[in-house]
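[1] need a structure here:
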Amino acid sequence: MLRPESPLLQDDVAAFISRAAEVAGPAMGRIVIDLTNAPYIDSAGLEALLDLSDLLEARGQTLRLAGASGTVREVLELTGLHAHFEYFADTNTAVRSFL
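    Numbering: from 1, shown residues only. Alright, predicted model coming up:
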C-alpha cells in the first residue's frame, strides 16, 4: 500500500513515483494507493497515476485507488480517467477486492 501524505502535485510526483517503484517490487501484483490524505491532485499527479497504472499493467500487476476525495473523483471523471482506475471508499475494501 502506498499512502501520499499530501495532495499529489507536480512538486511531489518524483518522490511518489520513486516510492511506488519500491512498493511495486514486493507487492505480488497488487497495489493500493490510499488517497485519503491527498484531497486534490493536479495534472502532473494525474499523469503519475496513469503512468504508474500503465507500468504495473505491463508487469501484470494491478492498481487500485482508495479513499479518493470527492474532488479527486471529480477530476478523474472530468478528465475521462475514471474508467482507467478502480477506486474504493477505503483501503480495506480495495484490498479485499483482490481476493
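[2] from here on, contacts and neighbour counts on C-alpha atoms
    Fine.
[3] give me every residue that touches R73.
    With contact set as Cα atoms under 8 Å, 6 or more residues apart in numbering, R73 has these partners: H82.
[4] Report pLDDT for it.
    Here the pLDDT value assigned to R73 is 94.
[5] do the same with P26
    The score at P26 is 69. That number is its pLDDT.
[6] what ranges do the helices span in the protein?
    Ranges of helices in the chain, per DSSP state H, are 10-24, 43-58, 70-78, 91-96.
[7] and the longest one, average pLDDT?
    This means helix 43-58. Averaging pLDDT along helix 43-58 yields 92.
[8] Tell me which residues of that helix come out buried.
    By neighbour count with 16 or more other Cα atoms under 10 Å, helix 43-58 contains the buried residues 44-46, 48-49, 52-56.
[9] Report the beta-bridge partners for the residue positioned nearest the centre of the chain.
    In the chain, the residue lying closest to the centroid (Cα atoms, centre = their mean) is I33, at 4.3 Å. Applying DSSP bridges to I33 gives these bridge partners: L2, L65.
[10] Tell me if I'm right that it and R3 touch.
    Yes. Under the criterion of Cα atoms under 8 Å, I33 makes contact with R3 at 5.8 Å.
[11] which residues touch the residue nearest to E5 when sequence neighbours are not counted?
    Distances taken as Cα to Cα, 6 or more residues apart in numbering place N37 nearest to E5, at 5.2 Å, with adjacent residues excluded. Taking Cα under 8 Å, 6+ apart, we find N37 in contact with 3-7.
[12] Appreciated, that's everything.
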